[in-house]
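Asker: sequence and predicted structure below; questions after.
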2 protein chains.
Amino acid sequence: MRISIDKKSSIPIYVQIKNEIRNMIYSGMLPSNFLLPSERKLAGELSVSRSTVISAYEELKSLGLLESHKGKGTIVANNTKNKQLSIRNHTVPLSWYQFFDSNVSSANNHDIVDIINSVGGEKNISFSAGIADPSLHPLKDIVKLQKDLWEKCGNDMLAYISSYGYYPLRESLSKLLKSRNISVSPKEIMILSGSMQGIDFIGRAFLSKGDVVIVEEPTFMSAIELFKLSGAKVIGVPMESDGINLDVLEILLNKYKPKFLYTVPTFQNPTSIVMSLEKRYKLLNLAYKYQLPIIEDDPYSEINYENIYLPSLKSLDAYGYVIYLSTFSKTMFSGMRVGWTAAPVQVIKKFALLKQMTDLHVNTASQYILDKFLREGLYEDHIKLICKEYMKKRDLMLGILEKNKSLGISFNLPKGGYYIWCKLPENISQTQLLLKCSKEGVSYAPGNVFYPEGSDGKSYMRLNYTFENAKNISIGLNKLMKAIAELLQNTNSSTVNQDNYFGKPII
Amino acid sequence: MRISIDKKSSIPIYVQIKNEIRNMIYSGMLPSNFLLPSERKLAGELSVSRSTVISAYEELKSLGLLESHKGKGTIVANNTKNKQLSIRNHTVPLSWYQFFDSNVSSANNHDIVDIINSVGGEKNISFSAGIADPSLHPLKDIVKLQKDLWEKCGNDMLAYISSYGYYPLRESLSKLLKSRNISVSPKEIMILSGSMQGIDFIGRAFLSKGDVVIVEEPTFMSAIELFKLSGAKVIGVPMESDGINLDVLEILLNKYKPKFLYTVPTFQNPTSIVMSLEKRYKLLNLAYKYQLPIIEDDPYSEINYENIYLPSLKSLDAYGYVIYLSTFSKTMFSGMRVGWTAAPVQVIKKFALLKQMTDLHVNTASQYILDKFLREGLYEDHIKLICKEYMKKRDLMLGILEKNKSLGISFNLPKGGYYIWCKLPENISQTQLLLKCSKEGVSYAPGNVFYPEGSDGKSYMRLNYTFENAKNISIGLNKLMKAIAELLQNTNSSTVNQDNYFGKPII
């Protein structure tokens, strides 16, 4: 029983002691019948007079909280809490599920994913994660930069900063975006806690129940979830090899009045498809014709293996129809949670309002560090490094897939980005493959999570090659191929085509 | 015109050059009639053969993007963009306001606050901010800790981490909460991007349009805004000197079926009132009787000048009715954005789902640093320091208010926390006082922003004493007193009682 008192306080010491013991009784820390130290012992421990402790104990006894127990000493009285909390006969723990909003209740739970992932345990080889290679983190540079910064402006880095973001970082990003041919001033840029927060703010700023949102099909899983969370109906438009099917899009634009289109035009997640230049122009023309805002999400364009340089929609848009999102999470690392948006000023202002009400501002120190990283010109070399290393891993994975083509898997050849999008052979059950792989300690992203209607995409899988090292890619992918081969041998299984909607992998 | 080529790439160099120039034309970086370098000059700059550049230029000419201009050289063709973007006659910049959701549209804009704050400029003395004293940041400790951490686990600090939070930090917080008499396991704790994110998640998890939420009146401004953002009707229950008016609360519980009660029981924002022990028990009994979840927000209880130690509602609640929120922002610093919640596991799981979809996880490095700070036992000493220093500032402010009591201002005596809650003299116009102070370079928080109905609380103001140094507190508060005195002399002004609802200060 640890009591602390402040002898310099204006509050009498016996009152301090009484309060502390009383609180410990009320909170249950000292249960009924707990034997307190004797008055002499406690007085000695606290270096106070015995009469001080006696006064405290006496008051607590008069409150009914302590009792003298003959032979033992002073104990905590029985059922103290019950006397205070007139507990109703039928008080039961609150069932929180009844209180959750229906949108959130129906949001997919992750129990199933947890089960799958736990089967493999820690040695799990993950092709499901959309995560940067930790061995390529520019750690040395970061350690050096932040050391300088803590010395020069440590206090500023611990302090509150504008919801719009650290202004010098907005300037650095304005410069970075110019190299992507996007001309925006710092005032049209806002720093976010990851580009996913941008998608979240877009959902919150624009959507209410019943609104329609158009997305590519398949598309980034979390975008689908977030738009649904805001109550919107999410309609998918099929992807073709050169981007979204614009004919289908136009039909939908005529039929509904969607709030916006969400697109990932370069090295799309999950397909790695690049929208052709022609389609980019046609898409903008459609947007202007139908007054359709476009959300352009661009995390991957710099992860570029074959010098594919197509102008972003944002760079081509002269009329302020495009909200552009990007991030450092895929090129650098996820841990700092720093992304940004380039958007018309009215949108930036609305986002800043949301930011001020939700998490206030992005971690200050991270913004200082990333700004310095950009200003020291370290970013370009880092990009070159990751493109080189990721291409090797891509090629390794492609090689193994190529070798196993006879299984009937088809897959695209990504020219950049993070993923290979594969179609499974006929008659393979996604559920069974997931479980089999899981037992082997391998995970991948099942295709259906990337579709607005979870029942689609069951024959697809997304394989990430950036996260694991070469050895694990080899081991894991060969195990996956083996699992497919084994399932193909059992194609008479009655569970074929009974795929359930499984949970989500790591983004 | 900077072109970069990769001689090792499998893509022919003339294609690379062509693509780069083409992109620059399309994005407008090279406008119509722009004179390109001669083929010889560009070849020299890129260290390639002249015929390579000629091939690139010729292809672009055949695409209609470049033209030969006799006498000049090769120029960007006219109206290239117009040929590609069949711009409709009536394409105008998109008006984004029409797209914003009505809840967000009606969320208060900050223009007025910006105007007010800008009048004073950078020398503004702020009593409106709810921000920790930067001179008390434990900077030396933080610098040392993070230096050790970067050396030992730098790569982990840059990496993705669980949405639930860094597990060791959850353990450290479990221990910290025990000293607040709250007994929860790490699994019942989740790390948030500030406690405000906890309020945001609560709004998103529980509320939809038309739901009723009960708050204290006045209360934390951002909580009101966030609950309204989720479409809820926010009803205030008046505060008394010992906490919320429970009789009024019970009437409301009978009348509505509120989703929850939001309360700040200890050193409440803005009043600094402490809910009595008796009321804490009665409130819990009401909660059990009416199946009412309670959100207990506790940022300030450790900022304690007179050894007030009342058990939190969370520590008294045996039935899982209380979601407890807290943060490091008020005791330590705001810049890292780290707060937490202690809540029933079903609630934690739902929050983790929201977290995974919004900003994924709290900045990793910050969690490592704060965990180490706790484990090295540095927190308790820091708390002692800030209590000592903040009490001095409180007393300084109280002294000045006391000296000016003849003006007719009344104010409470906060026993802890961040603020003094004052009632202005009769016949003082809040609007006029705000403007007058602003011209003098002093800001404070007008009372009405803390009320669900913005028209209430016009006679109150909240003064923060933690942020400014002693000199500024003196100068600023005396200016404020002078402004009040001057306004009192002009009580015949026709603008008395025509207060508009003003914008929000910094929290």
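Answerer: Received the coordinates, thanks.
Asker: A:Thr341: which element?
Answerer: strand A:339-342 (DSSP states H and E).
Asker: in the next helix or strand after that strand, what's buried?
Answerer: Downstream of strand A:339-342, the next assigned helix or strand under DSSP H and E is helix A:345-358. Neighbour-count burial for helix A:345-358 flags A:347-358 (criterion: 16 or more other Cβ atoms under 10 Å in any protein chain shown). Bear in mind the C-beta positions are built from the backbone N, C-alpha and C, glycine included.
Asker: likewise for stretch A:313-323?
Answerer: With burial defined by 16+ other Cβ under 10 Å, the residues of stretch A:313-323 counted as buried are A:313-317, A:320-323.
Asker: also stretch A:242-262?
Answerer: For stretch A:242-262, the neighbour count (16+ other Cβ under 10 Å) marks A:243-246, A:248-249, A:252-253, A:258-262 as buried.
Asker: so which of the buried residues of helix A:345-358 also contact chain B?
Answerer: A:347, A:349-350, A:353-354, A:356-358 (Cβ under 8 Å from any Cβ of the partner chain).
Asker: separation between A:Ser55 and A:Tyr14?
Answerer: Per Cβ to Cβ, to the nearest Å, A:Ser55 is found 4 Å from A:Tyr14.
Asker: please read the previous query as pertaining to A:Asp156.
Answerer: Remark: distance between A:Asp156 and A:Tyr14 (Cβ to Cβ) = 46 Å.
Asker: cool, and A:Ser193?
Answerer: A:Ser193 sits 50 Å away from A:Tyr14, taking Cβ to Cβ as the criterion.
Asker: so who does A:Leu378 touch?
Answerer: A:138, A:141 (Cβ atoms under 8 Å, 6 or more residues apart in numbering or on different chains).
Asker: can we see that at 6 Å?
Answerer: The contact partners of A:Leu378, by Cβ atoms under 6 Å, 6 or more residues apart in numbering or on different chains, come to A:Asp141.
Asker: cool, and A:Trp150?
Answerer: Contacts of A:Trp150 (Cβ under 6 Å, 6+ apart): B:Val143.
Asker: do that again at 10 Å, thanks
Answerer: The contact partners of A:Trp150, by Cβ atoms under 10 Å, 6 or more residues apart in numbering or on different chains, come to A:157-158, A:365, A:368-369, B:139, B:142-144, B:146-147.
Asker: distance to B:Leu433 and pLDDT added to these, as a markdown table?
Answerer: A markdown table is the format used below for these (distance: Cβ to Cβ, whole Å; pLDDT from 0 to 100):
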| residue | distance to B:Leu433 | pLDDT |
| --- | --- | --- |
| A:Met157 | 35 | 95 |
| A:Leu158 | 33 | 95 |
| A:Ala365 | 38 | 96 |
| A:Tyr368 | 37 | 97 |
| A:Ile369 | 42 | 97 |
| B:Leu139 | 36 | 96 |
| B:Ile142 | 39 | 96 |
| B:Val143 | 42 | 95 |
| B:Lys144 | 45 | 95 |
| B:Gln146 | 44 | 93 |
| B:Lys147 | 48 | 93 |
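Asker: which one of these sits in the busiest neighbourhood?
Answerer: Among the contacts of A:Trp150, the one with the most neighbours (other Cβ atoms under 10 Å in any protein chain shown) is A:Ala365, at 28 neighbours.
Asker: tell me the buried residues in the helix or strand encompassing that residue?
Answerer: A:Ala365 is part of helix A:364-375, with elements assigned from DSSP H and E. Buried positions in helix A:364-375, judged by neighbour count with 16+ other Cβ under 10 Å: A:364-374.
Asker: near chain B, which of the residues you listed show up?
Answerer: The subset of these within reach of chain B, by Cβ under 10 Å from any Cβ of the partner chain, is A:364-369.
Asker: can you list the weak-confidence ranges in the stretch 201-350 of chain A?
Answerer: For the stretch 201-350 of chain A, no stretch has pLDDT under 70.
Asker: strands of that one, residue ranges please.
Answerer: Applying DSSP state E, counting those that start in this stretch to the stretch 201-350 of chain A gives strands spanning A:212-217, A:233-240, A:243-244, A:260-263, A:294-297, A:322-327, A:339-342.
Asker: overlap in contacts of A:Ser55 and A:Tyr14?
Answerer: Residues touching both A:Ser55 and A:Tyr14 (Cβ under 10 Å, 6+ apart): A:Ser49.
Asker: poorly predicted segments of the stretch 51-200 of chain A, please.
Answerer: A:79-92, A:103-122.
Asker: where along it do the strands fall?
Answerer: Secondary structure of the stretch 51-200 of chain A, counting by DSSP E, counting those that start in this stretch: strands at A:66-69, A:73-76, A:125-126, A:189-192.
Asker: point out the most buried one among the ones you listed.
Answerer: Burial of these is given as mean neighbour count (mean count of other Cβ atoms under 10 Å in any protein chain shown); strand A:189-192 ranks first at a mean of 26.
Asker: picking that back up, got JSON lines for the contacts of A:Trp150, with distance to A:Leu46 too?
Answerer: Putting the contacts of A:Trp150 into JSON lines (distance: Cβ to Cβ, whole Å) gives the following:
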{"residue": "A:Met157", "distance to A:Leu46": "41"}
{"residue": "A:Leu158", "distance to A:Leu46": "36"}
{"residue": "A:Ala365", "distance to A:Leu46": "41"}
{"residue": "A:Tyr368", "distance to A:Leu46": "46"}
{"residue": "A:Ile369", "distance to A:Leu46": "47"}
{"residue": "B:Leu139", "distance to A:Leu46": "34"}
{"residue": "B:Ile142", "distance to A:Leu46": "33"}
{"residue": "B:Val143", "distance to A:Leu46": "36"}
{"residue": "B:Lys144", "distance to A:Leu46": "33"}
{"residue": "B:Gln146", "distance to A:Leu46": "37"}
{"residue": "B:Lys147", "distance to A:Leu46": "38"}
